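Participant: From the sequence below, what's the structure:
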Amino acid sequence: MKTFCITGKLKDKNGNFLERDEAINLIENNCPDMKFVSGVSGTTSYLIVAQIPNPDKKTVKIINAEKLGAKVVSNKQMLDFIKKRKFN
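Facilitator: Residues are numbered from 1 along each chain as shown. The predicted model follows:
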């Protein structure tokens, strides 16, 4: 089982903003091997970000995720993974 954490306000495939619970349900319902966790830790597989900032403007959550080995995924990548029904 892979785990994911979310930061920022994600959008659906039509560009509409998702509430946090909607985003979690969208991912978990379409990618059954994924489970939401509320914070970044050593067991977090993915950090899904609304927008990946410039490398010199990374947030603390992104920096921590990278240090702990979690893959940082953009909103667009998340939607592509959902379409494939698998994160990779």
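Participant: Bridging across strands, which residues link to the spatially most central residue of the chain?
Facilitator: The residue lying closest to the centre of the chain (Cα atoms, centre = their mean) is I48, at 1.9 Å. Assessed by DSSP bridges, I48 has beta-bridge partners I6, V73.
Participant: ok, it touching K11?
Facilitator: No - the pair I48 / K11 is not scored as a contact, 11.4 Å apart, by Cβ atoms under 8 Å. No exception for glycine: its C-beta is placed from N, CA and C like everyone else's.
Participant: what's the spacing between the residue of the chain positioned farthest from its centre and V72?
Facilitator: With distances taken as Cα atoms, centre = their mean, the residue sitting farthest from the centre of the chain turns out to be D56, at 20.3 Å. Distance of D56 to V72, given as Cβ to Cβ, to the nearest Å: 15 Å.
Participant: Please apply the same query to V60.
Facilitator: 13 Å.
Participant: more crowded one of those two?
Facilitator: V72 (17 against 9; other Cβ atoms under 10 Å).
Participant: Give me the nearest residue to L18, chain neighbours excluded.
Facilitator: L10 (5.0 Å; Cβ to Cβ, 6 or more residues apart in numbering).
Participant: That neighbour contacts I27, doesn't it?
Facilitator: No - with contacts counted by Cβ under 8 Å, L10 stays clear of I27, the gap being 9.1 Å.
Participant: Overlap in contacts, those two.
Facilitator: 48, 78 (Cβ atoms under 8 Å, 6 or more residues apart in numbering).
Participant: Now do the shared contacts for I48 and K11.
Facilitator: In contact with both I48 and K11: N75, using Cβ under 8 Å, 6+ apart.
Participant: about what we covered before: and the gap between the residue nearest to L18 and N54?
Facilitator: When L10 is compared with N54 (using Cβ to Cβ), they lie 20 Å apart.
Participant: and these two? which has more neighbours close in?
Facilitator: L10 (24 against 6).
Participant: Lovely, talk soon.
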